[in-house]
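Undergrad: sequence-free structure coming up:
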């Protein structure tokens, strides 16, 4: 039995966005920005703090694949639809040999398996619509960071998936992997609270915070929105928010 089905009339809304991980961080900020810009937004996460007439929330734990399999994407009549696979976790920050099996499974499910399934569902559910697919990536996809084994591995795999989807030239589809950079989110707070003996690069990440080098969530969302509005400007599928100049 599917979790939720919605029908949206194109006379009521012209822009539709589906966003995972809207409970906080970049996902929440982006959802709120798109709502201000006239989007109808469907949010998918475990918790919700957004209260807006054009926000439709589905409570879901994206680390539970059974729940993802039971999810129906909304039926829409709008000509354009956007999916942002944003939900992710840094996971347990420990050397690989200390990883619990349950943590490995949950982290792969949330960071890779769920967005992979949603990418497929997005493409197959809206074959004739203009589609923009954004997977939120990470510089960790290209850097082996000690104690981030599953995060690095899943982000690398998601980035390759993005490139394969692009190579397949699906009808009416543009797809990007977007690296947010170091943003002042709860994930960064979790990293800073890790014990030094478990994470040898701890001082590097505490310095980002102490030197005010973290991007604000608001600016990150604005830069992501710039990419959404100007997707035709970009010829590469792997983008960095750091390269977006709002001036």
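TA: Alright, I've got the coordinates. Remember, predicted model here, so these are calculated numbers, not experimental data.
Undergrad: ok, the residue located most distally from the centre of the chain to residue 98 distance?
TA: No residue in the chain sits farther from the centre than residue 197, which is 29.8 Å out by Cα atoms, centre = their mean. As judged by Cβ to Cβ, to the nearest Å, residue 197 and residue 98 stand 11 Å apart. Bear in mind the C-beta positions are built from the backbone N, C-alpha and C, glycine included.
Undergrad: residue 109 too?
TA: 20 Å.
Undergrad: quick one: the helix ranked longest in the chain to chain centroid distance?
TA: Of all segments of type helix in the chain, defined using DSSP state H, the longest is helix 149-167. Chain-centre distance of helix 149-167: 12 Å, with Cα atoms, centre = their mean, to the nearest Å.
Undergrad: mean confidence score for it?
TA: Helix 149-167 carries an average pLDDT of 98.
Undergrad: what does it rub up against?
TA: Applying Cβ atoms under 8 Å, 6 or more residues apart in numbering, the contact partners of helix 149-167 are 85, 88-91, 96, 99, 103-104, 107-108, 111-112, 115-116, 119, 123, 133, 135, 137-138, 140-145, 173, 175-177, 237-238.
Undergrad: where does this protein dip in pLDDT?
TA: For the chain, the stretches with pLDDT under 70 are 1-13.
Undergrad: and the strands in it?
TA: Here the chain has its strands, by DSSP state E, at 7-8, 16-20, 40-45, 55-59, 75-76, 80-85, 130-136, 173-179, 238-240.
Undergrad: mind putting those strands into CSV with distance to residue 33 and mean neighbour count?
TA: Output for the strands of the chain, formatted as CSV (distance: least, Cβ to Cβ, whole Å; neighbours: other Cβ atoms under 10 Å):
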stretch, distance to residue 33, mean neighbour count
strand 7-8, 20, 13
strand 16-20, 10, 25
strand 40-45, 10, 26
strand 55-59, 12, 18
strand 75-76, 20, 16
strand 80-85, 11, 24
strand 130-136, 14, 22
strand 173-179, 15, 22
strand 238-240, 18, 17
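Undergrad: any chance of those strands in JSON lines, plus distance to residue 202?
TA: Formatted as JSON lines, the strands of the chain follow (distance: least, Cβ to Cβ, whole Å):
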{"stretch": "strand 7-8", "distance to residue 202": "46"}
{"stretch": "strand 16-20", "distance to residue 202": "29"}
{"stretch": "strand 40-45", "distance to residue 202": "28"}
{"stretch": "strand 55-59", "distance to residue 202": "34"}
{"stretch": "strand 75-76", "distance to residue 202": "45"}
{"stretch": "strand 80-85", "distance to residue 202": "28"}
{"stretch": "strand 130-136", "distance to residue 202": "24"}
{"stretch": "strand 173-179", "distance to residue 202": "22"}
{"stretch": "strand 238-240", "distance to residue 202": "24"}
